[in-house]
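A.B. asks: Coordinates for the following, if possible.
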Amino acid sequence: MALIKSLLGKTPEFGDNCFLAETAVVIGDVIVGNNCSIWFGAVLRGDVHYIRIGNNCNVQDNAVIHATYQKSPTNIGSNVTIAHGAIIHGCTIHDNVMIGINAVVLDDTVIESNSIIAAGSVVSKGTRVESGTVYGGIPAKKIKDVSPELLEGEIKRIAKAYGMYSGWYK
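C.D. replies: Below you'll find the model as predicted:
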C-alpha cells in the first residue's frame, strides 16, 4: 500500500478509480482527480503548499511534485503525463500536456494545454509555454509546434495507455 500521510491537518484525497503503487508517497494537502495513477517511487509532497491534479493523469516512477512555501502551489490539469524522474515544482500545467522523462519544471511556470516538455529539459522559473508547442533544452525554449499527429499519437495516447497499465495492477 502506498504511503498516504496526513500533515498539519490536511489529508490527501483521491478521486474514483485511482491506482497508487506500493512505494508511492503522497503527503498533506494533495487532491487527485479520477482515473489517475501514481507510480512506484513517485512523491507528491503537499507540505508547504497545496498540490491539485485533475482527471486521467499519470505520475510515473520516481517523479517528484512539490511546491514553494506559502508562495507557489502546484496545479495540474487533466490528461497530463508526468514521465519517469520528472520534477514538478510550484507551477501550473494545463490539460493535455506531456512532461518528458527527467524534465524539470520550476516555480511560477505555466505550461498551456496541448504542449510537450521534452525529456531532460529544464523549464526556468516564470516561463510561459504557449499552447500547442514543444519546449526543450536547458533552459527550455520553443522547438516546434505540436502537430495533430503528435497530440493524438503521443500526448493523448500515453495518458490513455497509463490508464490501461494501471488496470493491470488492480
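A.B. asks: contacts for the helix or strand hosting Ala161?
C.D. replies: Taking DSSP states H and E as the definition, Ala161 sits inside helix 157-169. By CB atoms under 8 Å, 6 or more residues apart in numbering, the surrounding residues in contact with helix 157-169 are 19, 21, 35, 37, 56-58, 60, 79-81, 96, 98. To be clear about C-beta, it is placed using only N, CA and C from the backbone, and glycine gets the same treatment.
A.B. asks: Give me the mean pLDDT for that helix.
C.D. replies: Per-residue pLDDT values across helix 157-169 average out to 95.
A.B. asks: can you check stretch 26-34 too?
C.D. replies: Mean predicted lDDT for stretch 26-34 stands at 98.
A.B. asks: In contact with His89, which residues?
C.D. replies: Taking CB under 8 Å, 6+ apart as the contact definition, His89 lies against 64-68, 72, 74, 104-107.
A.B. asks: number of nearby residues for Lys144?
C.D. replies: Residue neighbour count, defined by other CB atoms under 10 Å, stands at 12 for Lys144.
A.B. asks: returning to that earlier point: with only the CA atoms kept, save the helix holding Ala161 in PDB.
C.D. replies: What follows is helix 157-169, C-alpha atoms only, in PDB (Å, rounded to 0.1, in the frame of the first residue of the first chain):
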ATOM      1  CA  ARG A 157      -2.100   8.100 -26.400                       C
ATOM      2  CA  ILE A 158       0.300   8.000 -23.400                       C
ATOM      3  CA  ALA A 159      -2.300   9.400 -21.000                       C
ATOM      4  CA  LYS A 160      -4.800   6.800 -22.100                       C
ATOM      5  CA  ALA A 161      -2.200   4.000 -22.100                       C
ATOM      6  CA  TYR A 162      -1.300   4.600 -18.400                       C
ATOM      7  CA  GLY A 163      -5.000   4.200 -17.500                       C
ATOM      8  CA  MET A 164      -4.800   0.700 -19.100                       C
ATOM      9  CA  TYR A 165      -1.400  -0.100 -17.500                       C
ATOM     10  CA  SER A 166      -2.700   0.800 -14.000                       C
ATOM     11  CA  GLY A 167      -5.600  -1.700 -14.500                       C
ATOM     12  CA  TRP A 168      -3.100  -4.500 -14.700                       C
ATOM     13  CA  TYR A 169      -2.100  -3.800 -11.100                       C
END
